[in-house]
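Novice: missing the sequence, but the structure's below:
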């Protein structure tokens, strides 16, 4: 999954945000299994979480609402 372009303010917390969103995606996938489209969606969401995090100073991961808003773009 390609990275989400972003203006970087600070890289602290990007990996933690990515992994948190990845785990959330796996937990919320329900009965969708691990089809390629599901994995792509989970990976894209994780990339969005990291992109939001690096866009602001400090280890400040996005809220679920911010993540959903970012994915809606």
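Specialist: That came through, no problem. Computed from a prediction, not measured in an experiment: that's the story for all the values here.
Novice: which elements pack onto the helix ranked longest in the chain?
Specialist: The residue-count maximum for a helix in the chain (DSSP state H) belongs to helix 36-54. Judged by 3 or more C-beta pairs under 8 Å, 6 or more residues apart in numbering; DSSP states H and E, helix 36-54 is in contact with helix 14-28, helix 64-72. For every residue, glycine as well, the C-beta is placed using N, CA and C.
Novice: ok, residue 58 to residue 68 distance?
Specialist: 22 Å (C-beta to C-beta, to the nearest Å).
Novice: neighbours of residue 40, how many?
Specialist: Residue 40 has 11 neighbours, counted by other C-beta atoms under 10 Å.
Novice: give the contact list for it.
Specialist: residue 1 (C-beta atoms under 8 Å, 6 or more residues apart in numbering).
Novice: what about it, distance to residue 64?
Specialist: 20 Å.
Novice: just to check, residue 42 is in contact with residue 25?
Specialist: Yes - if you go by C-beta atoms under 8 Å, residue 42 and residue 25 touch, sitting 3.4 Å apart.
Novice: could you report the pLDDT at the residue of the chain most remote from its centre?
Specialist: Distance to the chain centre peaks in the chain at residue 31, reaching 20.7 Å (criterion: C-alpha atoms, centre = their mean). pLDDT for residue 31: 85.
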